[in-house]
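Enquirer: Build me a structure from this.
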Amino acid sequence: MPILKAIAIREKSRAPMQEIQQVEITAENGLVPDFRGKPGKRQVTLLSAESWQTVCDELQVELAWTTRRANLFIEGHTFSAADVDKILNIGDVKLQITIETDPCHRMDEQHTGLTSALTPDWRAGVCCRVLQGGMVKLGDKVDFAN
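Expert: As a prediction, this is how the structure comes out:
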């Protein structure tokens, strides 16, 4: 079963990602106090540990997962188009996968070639809408409801 390996937030655009042990997630604000959690299709972003390792292997470099600037890092599942509209349960939180995360041009500012390496096979992760808020913490199981 997939598990939540890491959590990260940032206070403002281009601010460094800050890893934390647990976080409150709300339908109004996404991860509290992440700056980007307004309601919509991109409230919370998830990245797969397996996909991230594929990217690092392809680039022949070990990069911190926070380089991708996602909120939640899960191990035990790789995302695909089949995941759209699925509901993820993490603790009391329910997230609906809405779209693939498009790697932005800023990824190449982090490491040359990162945008291209993230582009295939949903490697950049997914965006989610918060359906039900609650607390999540490292080690929580990630359950796909449908």
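Enquirer: Lowest average confidence across helices and strands of the protein, where is it?
Expert: helix 107-110 (a mean of 90; mean pLDDT, DSSP states H and E).
Enquirer: How far off centre is that one?
Expert: Remark: helix 107-110 is offset 17 Å from the chain centroid, using CA atoms, centre = their mean, to the nearest Å.
Enquirer: Can you check which helix is longest in this protein?
Expert: helix 49-59 (DSSP state H).
Enquirer: Only the buried residues of that one, if you could.
Expert: When neighbours are counted by 16 or more other CB atoms under 10 Å, the buried residues of helix 49-59 are found to be 49, 51-52, 54-56, 59. To be clear about C-beta, it is placed using only N, CA and C from the backbone, and glycine gets the same treatment.
Enquirer: go on, stretch 103-114?
Expert: Under 16+ other CB under 10 Å, the buried positions of stretch 103-114 are 103, 107, 114.
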